[in-house]
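Enquirer: For reference, the sequence and a predicted model appear below.
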Amino acid sequence: MQQPQPGLALVRRSLHELGEILLSVSGVMKRFGALVAMRDVSLQVKAGEILALLGPICAGKTTMFNLISGVLKVSAGDIQFQGPPR
Ligand SMILES: Nc1ncnc2c1ncn2[C@@H]1O[C@H](COP(=O)(O)OP(=O)(O)OP(=O)(O)O)[C@@H](O)[C@H]1O
Ligand SMILES: [Mg+2]
């Protein structure tokens, strides 16, 4: 039998069922020294959803994205993106 081309296999793996949880943020706290930038933040993003993260100046929006991307490490809680906590 003919083997699938590598590019096709890659496309197949990147597809997700609508509603499947892709990102899970659970009880996250981030501390910069004495400053607690966020406390007990939880959210989920499912395949097919488009969400916005809203908040006033210094609410911790950029910090949240830096935690999700792994640029920053959480002080407490955990973040899972299609896998184990990072
Ligand atoms: N690297 C850092 N070191 C120390 N404090 C930080 C650091 N990054 C962010 N903070 C502090 O954490 C808090 C949240 O900042 P953050 O930049 O995440 O807010 P934001 O919601 O993105 O704000 P803005 O609306 O101005 O973009 C602020 O009090 C900020 O001063
Ligand atoms: Mg910001």
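Expert: It's in. Numbers count the residues shown, from 1 in each chain. Ligands and ions are numbered 1, 2, ... in the order given.

Enquirer: of all of this protein, which residue lies closest to ligand 2?
Expert: At 3.2 Å from ligand 2, residue 62 is the closest residue in the chain, using C-beta to the ion. C-beta here means a position set from N, CA and C on the backbone, and glycine is covered the same way.

Enquirer: Determine the three-state secondary structure at that residue.
Expert: helix (DSSP: H, G, I helix; E, B strand; the rest coil).

Enquirer: how close does it sit to residue 47?
Expert: Here the distance between residue 62 and residue 47 works out to 25 Å (C-beta to C-beta, to the nearest Å).

Enquirer: repeat for residue 76
Expert: 27 Å.

Enquirer: same deal with residue 74?
Expert: For residue 74, the distance to residue 47 - C-beta to C-beta - is 23 Å.

Enquirer: Equivalent analysis for residue 21, please.
Expert: 8 Å.

Enquirer: my guess is residue 36 contacts residue 58, does it?
Expert: No. With contact defined as C-beta atoms under 8 Å, residue 36 does not count as touching residue 58 (11.8 Å).

Enquirer: Report the contact partners of residue 53.
Expert: Residue 53 makes contacts with 61, 64, 65, as judged by C-beta atoms under 8 Å, 6 or more residues apart in numbering.

Enquirer: what's the burial count for the second one?
Expert: Summarising burial for residue 64: neighbours were counted as other C-beta atoms under 10 Å, giving 21.

Enquirer: Which secondary structure state does the closest residue to residue 72 other than its chain neighbours sit in?
Expert: Spatially, and ignoring its direct neighbours in sequence, residue 72 is nearest to residue 66 (4.3 Å; C-beta to C-beta, 6 or more residues apart in numbering). Look at residue 66: counting by three-state DSSP, its state is helix.

Enquirer: Please shift the residue numbers so they start at 29 in all later answers.
Expert: Renumbered: residue one is now 29, and that last one reads residue 94.

Enquirer: ok, how many other residues are close to residue 94?
Expert: Counted with other C-beta under 10 Å, residue 94 comes out at 15.

Enquirer: Nothing else from me, thank you.
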